[in-house]
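> Build me a structure from this.
(one chain, ligands or ions: 2)
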Amino acid sequence: MTQRIAFVTGAMGGLGTAICQAFAKDGHKVVAAYHPQFDNKDEWLKEMEAAGFKDFVCVAGDVADIESCKAMVAEAEAKAGPVDILVNNAGITRDKMFAKMEKDQWDAVISTNLTSLFNVTKQVSAKMAERGFGRIINISSVNGVKGQAGQANYSAAKAGVIGFTKALAQELATKGVTVNAVAPGYVATKMVMAIREDVLKSIVDTIPMKRLAKPEEMGALCSYLASDLAGYMTGATLNINGGLYLQ
Ligand code: CAA
Ligand code: NAP
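Ligands and ions are numbered 1, 2, ... in the order given. Predicted coordinates:
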């Protein structure tokens with residue numbers, strides 16, 4: 001397999017870690033992008049080293065801030081080289097029923113989960129097109145596909161991710177650059193563990209497989225989408241949700 005440079009945002013979170021590990025196992029050079037305020041970077045790196053992943057390059061940046069993204073990607077290019085694979089993975093929740101949702105909760109989720117795709121992708125997509133190869137993978141959600149009560153902000157952002165994916169896929173289709181979305185169901189990470197226990201139990205009861213997804217199951221799908229052999233798949237939204245929502 002050709003070694004590529006893979007840039008993963010939200011790299012030190014649940015899905016991000018699994019995606020970084022999957023790419024490293026594929027032989028890619030991985031740039032782990034993390035939030036500047038994340039203070040467990042050294043601990044995370046130690047854990048990765050203990051698990052046999054010794055070569056992650058780390059860069060800090062706020063995906064909601066375009067100037068920060070410019071600097072973060074420039075640093076990644078200087079340390080690792082031009083980005084071939086981008087995973088727009090960083091994201092947050094600010095769940096509230098719409099009647100109680102405040103404007104700052106709307107704005108935070110839209111800027112972190114949707115505007116971030118503009119901020120980060122803008123730094124790499126034209127250069128991918130010039131080089132004739134690129135893989136852009138955007139992490140959406142089952143709740144962007146089906147909608148979820150208590151998540152008007154999040155569902156809107158994650159549905160936006162799918163629209164962005166479809167539009168950019170068409171623009172880059174002749175350039176060797178594919179753009180796809182992954183729409184996970186409920187995955188066992190800190191984001192899901194923040195749901196109230198009784199609410200989470202009632203959600204798991206509605207999943208046909210009766211379990212949460214494992215982060216590695218998302219890593220494996222990203223590994224495929226990043227591969228050379230996935231070159232004919234673009235503009236797709238890949239649902240990976242234990243049967244929770246079937247289109
Ligand atoms: N559909 C319709 N109405 C609902 C509902 C649902 N699914 N769930 C609750 N309601 C109603 C309740 O019946 C209640 O109505 P009344 O006031 O008339 O009694 C009202 O909404 C308030 O419900 P809660 O008591 O649950 O309100 P709360 O303020 O305590 O909690 C909440 C609100 C935080 C949004 C909570 O309901 C919740 O956490 N829901 C789950 C949201 C969810 O799935 N988040 C996913 C997070 S992980 C993630 O996002 C990853 C991913 O991509 C999958
Ligand atoms: P997570 O463990 O909370 O990881 C999210 C990561 O994003 C964290 O490392 C977080 O850093 C980072 N981040 C948040 N805001 C950022 C910002 N402004 N700039 C840079 N980084 C930022 O959650 P996860 O479950 O792995 O979620 C990863 C992605 O998958 C998200 O887009 C999420 O919406 C999506 N998703 C998750 C599930 C699920 O069930 N878990 C399902 C569908 C989709 P800090 O910790 O420092 O804030």
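
> Span of stretch 114-133 from start to end?
Counting by C-alpha to C-alpha, to the nearest Å, the length from the leading to the trailing residue of stretch 114-133 is 24 Å.

> May I have the phi/psi pair for the residue nearest to the spatial centre of the chain?
For the chain, the residue whose C-alpha lies nearest the mean C-alpha position (C-alpha atoms, centre = their mean) is N89; its distance is 1.7 Å. With angles defined as degrees, to the nearest 10, N89 sits at phi -120, psi -30.

> now it: how far from G176?
As for N89, its distance to G176 is 22 Å (criterion: C-beta to C-beta, to the nearest Å). The C-beta positions use only the backbone N, C-alpha and C, and glycine is treated the same way.

> need the contact list for the residue nearest to the centre of the chain.
Contacts of N89 were listed using C-beta atoms under 8 Å, 6 or more residues apart in numbering, and they are V8, T9, G10, A11, G13, L15, G16, I19, I139.

> likewise A11?
Contacts here follow C-beta under 8 Å, 6+ apart; on that basis A11 touches T17, I19, C20, V30, V31, A32, A33, Y34, F56, C58, N89.

> Out of the residues you listed, who's the most crowded?
Highest neighbour count within the contacts of A11, by other C-beta atoms under 10 Å: I19, with 33 neighbours.

> element containing it, please.
I19 belongs to helix 14-25 when assigned by DSSP states H and E.

> Just after that helix, pick out the following helix or strand.
The C-terminal neighbour of helix 14-25 among helices and strands, as given by DSSP H and E, is strand 29-34.

> Let's test this: mean pLDDT of that next one, rounded?
For strand 29-34, mean pLDDT rounds to 98.

> Need the per-residue pLDDT for the residue with the largest distance to the centre of the chain.
Taking C-alpha atoms, centre = their mean, the residue of the chain most remote from its mean C-alpha position is A99, at 28.7 Å. Looking at A99, its pLDDT reads 98.

> Check the one 5 residues further on too.
D104 carries a pLDDT score of 98 in this model.
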